[in-house]
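# predicted model, plus sequence, below.
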Amino acid sequence: MNALSAFVVVLALAALAFVGGQVVILRPLFGVILPWAAILTLLLGLTHRVILWARAPVPFRIPTTSGQQKSLPWIKAGWLESPSSTPGVIARMALEVGLFRSLFRNTKAELREGPRLVFGEDKALWLAALLFHWSLLVIFLRHLRSFMEPVPAFVKALAALDGFFQVGAPVLYVTDIIIVLAVGYLLLRRLRNPQVRYISLFFDYFALFLLLGVVITGIFMRYVTRIDTVAVKQLALGLVTFAPTVPKEVGSLLFVHLFLLSALAACFPFSKLMHMGGIFLSPTRTLANTNRMKRHVNPWNSPVKVHTYEEWEEEFRDKITAAGLPLERE
Amino acid sequence: MRDRGIIVGGLILFLGLITFPVWYNVTAGSTAKGPEPKRPEQEKTCVAPVGYMRTSHMDLLMDWRDEVVRRHNRKFTAYDGKSYTIGLTQTCMKCHTSKADFCDRCHNYAGVAPTCWDCHIDPKLVQRSTG
């Protein structure tokens, strides 16, 4: 049900933008105002979120570890799995962000005949997630060719590498195929696996359908229906130089592409997509495990008024003596 | 934790990177002005309508290549019934004489590196080197 409603909403959004792209007076709305509003929402919302997280108190070290903590010199410590220093934390974070190491340990549980609960490795999710994220990054960077004039050398080099196989004209980009397959797998996994489907919410599907929508419209514009690339670049440059133009040569499909992306960007700070910033603000990942090496005192501990036994004994000394009870200090 | 400096620093770095195109275009002085390729003066019609040529000229060139290389056919009948000889340097570049002033303007603007010139030569460059 969640999947179906998300699909219908995305289709409705796409249809809205498609029609809006053909109405002359609405073209500046879908081409300029909504993308600007979406980017502004993304940047302000993301900043707000990160500042909220930064203000959250983290008095103690709470890293999740899977290695031996550094303690005595003759016990071998896991410098990467239980890092006790900043370089270790940086190495672990880099591998986590770049290679999704914790997802690599993903397992699946199945109830087989018997009944018998069987655990096994499940690398498919890791592989699809990794391929998806890296493709998305490459595609994002490739898009800079429309937003920067002159086109920087690294963007050209990346595009050349991505189009390495030189299939057809315009050249087929490998990441375009990979991202469709990867997002397709992530979506199918949600739909096919009963346990995953049970915990999937509307937004889980919504984000995937939006991404698929953006990717498919992009692929259609590049390889099937074609688009006036020069006009698209003029629109894109207008957006980032704050001198917007919506050339008449820009096709309707670009407005669908832009609008779905705007929707995704506007949702970003309010959704699970914030894991992009969140990964860097996870105390379970970014803190060195120095629980035993250092004494961690809660910095905002207020002074507590205590009444020690010695003081208590002094207060009731005569009564204790009268009752014939022993005293600590005679 | 006393990590606020690092967090705010990281946030500023991210915002700087994500708005990089804005700064880049400001320093390069770029505007939304198009590349304006130099159009031929004498000839008014091309082998296909201008809208098609803008978006899909590469399809036409690929078809032309296949026609010549695989089927040995050098005759092309255009949408308006006119007949053309298939050939990039012979036909296209007869009107669009300069690669630098026509092809390259849009290709550089859009960051496209077509493989045409791996085999074909720019006639102007040849003239300059021999003459």
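In hand now; what should we look at? Numbering: from 1, shown residues only, chains lettered A, B, ... in the order given.
# from here on, just use CA atoms for contacts and neighbour counts.
Will do.
# in the sheet, who's paired with the residue nearest to residue A:122 when sequence neighbours are not counted?
Leaving aside its sequence neighbours, residue A:122 sits nearest to residue A:107 (C-alpha to C-alpha, 6 or more residues apart in numbering or on different chains; 5.0 Å). Residue A:107 forms beta bridges with residue A:121, as assigned by DSSP bridges.
# my read: residue A:107 touches residue A:119, true?
Yes - here residue A:107 reaches residue A:119: they are 6.8 Å apart, a contact under C-alpha atoms under 8 Å.
# how about residue A:139, phi and psi?
In terms of degrees, to the nearest 10, the main-chain angles of residue A:139 are phi -70, psi -40.
# give me the spatial nearest neighbour of it, chain neighbours excluded.
Per C-alpha to C-alpha, 6+ apart, closest to residue A:139 is residue A:175, 7.0 Å.
# can you check residue A:85 too?
Using C-alpha to C-alpha, 6+ apart, the nearest residue to residue A:85 is residue A:288, at 5.6 Å.
# lowest-confidence helix or strand of chain A?
strand A:107-112 (a mean of 88; mean pLDDT, DSSP states H and E).
# got the buried residues for that one?
Within strand A:107-112, no residue is scored as buried using 16 or more other C-alpha atoms under 10 Å in any protein chain shown.
# now do the SS call for residue A:118.
What DSSP: H, G, I helix; E, B strand; the rest coil gives for residue A:118 is strand.
# residues touching the closest residue in space to it that isn't next to it in sequence, list them.
Nearest non-adjacent residue to residue A:118, counting by C-alpha to C-alpha, 6+ apart: residue A:110, 5.2 Å away. Residues in contact with residue A:110 (C-alpha atoms under 8 Å, 6 or more residues apart in numbering or on different chains) are A:117, A:118, A:119.
# are any of those residues buried, and which?
Counted by 16+ other C-alpha under 10 Å, these give no buried residue.
# relative to residue B:116, how far out is the residue nearest the centre of chain B?
Centroid check for chain B by C-alpha atoms, centre = their mean gives residue B:107 as the closest residue, at 2.6 Å. Using C-alpha to C-alpha, to the nearest Å, residue B:107 is found at 12 Å from residue B:116.
# picking that back up, which pLDDT value does the model give the residue nearest to residue A:85?
You'll see residue A:288 listed with a pLDDT of 92.
# I figured it hits residue A:79, correct?
No - with contact defined as C-alpha under 8 Å, residue A:288 does not count as touching residue A:79 (9.9 Å).
# settle it for me: which of these two has more neighbours?
residue A:288 (23 against 20; other C-alpha atoms under 10 Å in any protein chain shown).
# for the more buried one, give me phi and psi.
According to degrees, to the nearest 10, residue A:288 has phi -80, psi 140.
# show me what contacts it?
Counted by C-alpha under 8 Å, 6+ apart, residue A:288 has contacts A:61, A:63, A:82, A:83, A:84, A:85, A:86, A:88, A:89.
# how about JSON lines for those residues, with secondary structure added?
Compiled in JSON lines, those are given as follows (three-state DSSP):
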{"residue": "A:61", "secondary structure": "coil"}
{"residue": "A:63", "secondary structure": "coil"}
{"residue": "A:82", "secondary structure": "coil"}
{"residue": "A:83", "secondary structure": "coil"}
{"residue": "A:84", "secondary structure": "coil"}
{"residue": "A:85", "secondary structure": "coil"}
{"residue": "A:86", "secondary structure": "helix"}
{"residue": "A:88", "secondary structure": "helix"}
{"residue": "A:89", "secondary structure": "helix"}
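# weed out the non-buried ones from those residues.
A:61, A:63, A:82, A:83, A:84, A:88, A:89.
# out of these, which one has the weakest pLDDT?
Among the buried ones among the contacts of residue A:288, residue A:61 has the weakest pLDDT, 89.
# pull the most distant pair out of the buried ones among the contacts of residue A:288.
Of all pairs drawn from those, the greatest distance, 14.8 Å, lies between A:61 and A:88 (C-alpha to C-alpha).
# chain A contacts on chain B?
B:1, B:3-4, B:7-8, B:11, B:15, B:21-22, B:24-26, B:28, B:30-35, B:54-56, B:58-59, B:62, B:106, B:108-112, B:114 (C-alpha under 8 Å from any C-alpha of the partner chain).
# out of those, list just those in helices.
Judged by DSSP state H, the subset of the residues of chain B next to chain A located in helices is B:4, B:7-8, B:11, B:15, B:21-22, B:24-26, B:28, B:54-56, B:58-59, B:62, B:106, B:108-110.
# looks to me like residue B:79 is in a strand.
No - counting by three-state DSSP, residue B:79 falls outside a strand, being coil.
# burial check on the residue nearest to it when sequence neighbours are not counted, number of neighbours?
Distance criterion C-alpha to C-alpha, 6+ apart; nearest residue to residue B:79, sequence neighbours excluded, is residue B:48 at 6.2 Å. Neighbours of residue B:48 under the rule other C-alpha under 10 Å: 16.
# phi, psi of residue B:48?
phi -150, psi 160.
# thanks a lot, catch you later.
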